[in-house]
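> give me the fold of what follows.
(one chain, ligands or ions: 2)
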Amino acid sequence: MQPLPTFDLVLFGGTGDLAMRKLLPALYRRKASGYLSAKSRVLGVARSELSRDEYLAQVQASCQTYLGKDYDEKRWAEFAQHVDYVKVDASAPEDFAGLKKKLEGCDEHGRAFFLSVAPDLFAPICEGLATHSLATPNSRVVLEKPLGHDQASSAQINERVGRIFSEQQIFRIDHYLGKETVQNLLALRFGNTLFEPLWRRGRVKHVQITVAEELGVERRAGFYDETGALRDMVQNHLLQLLCIIAMEPPATSDPDAMRDEKLKVLRALRPLRGRDVLHKTVRGQYKAGAAGGKPVVGYLDEKDVPNDSKTETFVALRVDIDSWRWVGVPFYLRTGKRLQEKLSEIVVTFEDVPLSIYERPDTPQALNRLVIQLQPDESIELTVLAKFPGEVMRLRPVNLSLDFSETFKAPRLDAYERLLTDVLKGNLTLFMRRDELEAAWQWIDPIRQAWDQSDEAPKTYTAGSWGPAAASALLGRDGFAWRNEL
Ligand SMILES: NC(=O)C1=CN([C@@H]2O[C@H](COP(=O)(O)OP(=O)(O)OC[C@H]3O[C@@H](n4cnc5c(N)ncnc54)[C@H](OP(=O)(O)O)[C@@H]3O)[C@@H](O)[C@H]2O)C=CC1
Ligand SMILES: O=C1O[C@H](COP(=O)(O)O)[C@@H](O)[C@H](O)[C@H]1O
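Numbering: from 1, shown residues only. Ligands and ions are numbered 1, 2, ... in the order given. Next up is the predicted model:
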């Protein structure tokens, strides 16, 4: 094991929810695994007036909460030595002088600026860094999602950030790409010959991608109500999963080889516009119900949500890909908050045998099906038909299962741990390129516009259910059902 090169990681938004829940615990873990070199530093940055000790107290409390049994006092003390805090108001250019002072004399360190702040601060921060000569040639910048709120705002941010950092220095993060099972999906598709001949129209009947959350909007209602599920989840995580399922095999493992193939998928998505949007999409909003066995309020009663909000907390849609490989194969995407359980999975259902000569159930459960589960468990399950023991030939579906945590006992990297490591190593494979991101927005924008122009409100669904009934009807019309409804 080689420690990472010495770096200064400047964490804008260092007091925020993402930094406290995910990024700082991920860095603690990197330290605990021996990856942080002695002189590397993590500088939390925000507007709050905090001393280093006050900041450390906040970080320690988060590490205790979010690392659970992985938290250890001795390891914390070792990690804490790397952590410091600087007060900077990113919208006040003169404030960057304090940061400059902290970074002075460490020009030989690699530098990564992680922007865990609202996207309207991305360009001002990069410009502040440039004005104070902090954006050195060996610096990298990490941009959190969603990058903008539509194609135009995203292009504008990319343009301004691109004047300061080259594309090779920009890491646009989508933490779903850092998840272990997403990596395994790449291994399954491009490390085996088995599925490739079947991975196409004529063989695949339909594909479902579900990212369901049991949580509601939590403390992020201000952000969420402006954003909604389409921009928060579909524009990035779900489209990225779809790209990985649908892309052609890249010729090499080079970052651009993979990003080129994902871009081709995004450009082949059949546009959804006008009436088509109303026919092929469903948006929902949760009302009061239950989560984790306890009663919970509806979205409109959440703190900081306007009581006439039309923001969607659920989206389901049918997507068509106009390529030789996929034309005619529907991809159904679904995501929502306050659903029955936390579940992220991809389900590939294959065509039936052309002629059935044995007795077998005539139900969708009896089709060959590949289920790639990302959360809560990491597993791959293949349904095949086998003979039920006995005199007669009676076939029944059985599952061949691969549970990754059972199979490989090795410790697993959390998504942010992997992606932060890749930033520090300079590996762009799991990060989105500008053209990919803009192609995704280009496909998303007309959906948003059609919803905004429609008088229809989002359909309500009870917290703790699987979303509005219309989401079942979306597949039902095509003769299919979501896996949890089979
Ligand atoms: N939270 C999550 O689960 C996820 C978040 N994201 C994205 O990550 C980013 C951060 O999200 P999140 O942590 O939830 O947001 P929060 O609102 O919790 O945190 C925002 C952070 O930015 C700081 N900040 C705000 N304004 C300024 C400013 N002018 N100058 C310097 N610092 C400032 C705040 O500190 P202070 O007020 O002290 O300045 C705080 O540290 C967003 O782009 C979000 O979309 C993406 C995926 C998941
Ligand atoms: O990016 C986001 O993702 C989380 C869900 O991530 P997961 O890794 O827990 O599945 C979601 O809650 C949040 O709203 C969104 O911004």
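
> ok, the residue in the chain that ligand 2 sits nearest to to residue 419 distance?
Closest contact between the chain and ligand 2, by CB to the nearest ligand atom, is at residue 232 (4.8 Å). Yep, even glycine has a C-beta here, placed from its N, CA and C like the rest. Look at residue 232 and residue 419: by CB to CB, to the nearest Å, they are 18 Å apart.

> and the longest helix seen in the chain, what does it pack against?
The longest helix of the chain (DSSP state H) is helix 434-453. Applying 3 or more CB pairs under 8 Å, 6 or more residues apart in numbering; DSSP states H and E, one finds that helix 434-453 contacts helix 151-162, strand 170-172, helix 239-246, helix 255-268, helix 274-280, strand 281-287.

> and the last one, anywhere near ligand 2?
If I follow you right, that is strand 281-287. No - on the criterion CB under 6 Å from any ligand atom, strand 281-287 is out of touch with ligand 2, staying 13.5 Å away.

> helices and strands around the very next helix or strand once past that strand, which ones?
Helices and strands here follow DSSP states H and E; after strand 281-287, the next one along the chain is strand 289-291. If you count contacts as 3+ CB pairs under 8 Å, 6+ apart, strand 289-291 packs onto strand 294-296.

> to the chain's geometric centre, what's the distance from the strand it packs on?
From the chain centre to the centre of strand 294-296 is a distance of 27 Å (CA atoms, centre = their mean, to the nearest Å).

> assign a three-state SS to the residue of the chain closest to ligand 2, would you?
Applying DSSP: H, G, I helix; E, B strand; the rest coil to residue 232 yields a three-state assignment of helix.

> that one: how many residues sit nearby?
Using other CB atoms under 10 Å, residue 232 is surrounded by 23 other residues.

> isn't it up against residue 224?
Yes - look at residue 232 against residue 224 with CB atoms under 8 Å: they come within range, at 6.7 Å.

> which bits of the stretch 251-400 of the chain sit near ligand 2?
Residues of the stretch 251-400 of the chain lying near ligand 2 by CB under 6 Å from any ligand atom: residue 375.

> quick one: the strands in the stretch 251-400 of the chain?
Along the stretch 251-400 of the chain, counting by DSSP state E, counting those that start in this stretch, strands occupy 281-287, 289-291, 294-296, 314-319, 331-336, 343-350, 369-375, 379-387, 395-403.

> pairing partners for the last one, with directions?
Read that as strand 395-403. Applying DSSP bridges to the sheet, strand 395-403 is found paired with strand 379-387 (antiparallel).

> distance between the strand it pairs with and the chain's centre?
With CA atoms, centre = their mean, you get 28 Å for strand 379-387.

> up against ligand 2, what does the stretch 101-250 of the chain have?
213, 232.

> which stretches of the chain aren't confidently modelled?
1 (pLDDT under 70).

> quick check: domain ranges of it?
7-144, 177-414+434-485 (automatic domain parsing).

> by proximity to ligand 1, which residue of the protein wins?
Closest point on the chain to ligand 1, by CB to the nearest ligand atom, is residue 16, at 2.3 Å.

> would you check that that residue makes contact with residue 117?
Yes - contact criterion CB under 8 Å: residue 16 and residue 117 qualify, at 7.2 Å.

> between the two, point out the one with more neighbours.
Taking neighbours as other CB under 10 Å, residue 16 and residue 117 compare with residue 117 leading, 22 against 18.

> and that one, that's in a helix?
No - secondary structure assignment places residue 117 outside any helix; it is coil (three-state DSSP).

> relative to residue 382, how far out is the residue nearest to it when sequence neighbours are not counted?
Using CB to CB, 6 or more residues apart in numbering and skipping the chain neighbours, the partner closest in space to residue 117 is residue 13 (4.1 Å). Counting by CB to CB, the separation of residue 13 from residue 382 is 42 Å.

> likewise for residue 361?
Separation of residue 361 from residue 382 (CB to CB) stands at 17 Å.

> correct me, but residue 227 touches residue 149?
Yes - if you go by CB under 8 Å, residue 227 and residue 149 touch, sitting 7.2 Å apart.

> doesn't residue 285 make contact with residue 462?
No - taking contacts as CB under 8 Å, residue 462 lies outside contact range of residue 285: 11.1 Å.

> comparing those two, which shows the higher neighbour count?
Shown here are residue 462 and residue 285; by other CB under 10 Å, residue 285 has more neighbours (25 against 16).

> the longest helix of the chain and ligand 1, are they touching?
No - figure legend: helix 434-453 not in contact with ligand 1 (CB under 6 Å from any ligand atom); closest approach 13.9 Å.
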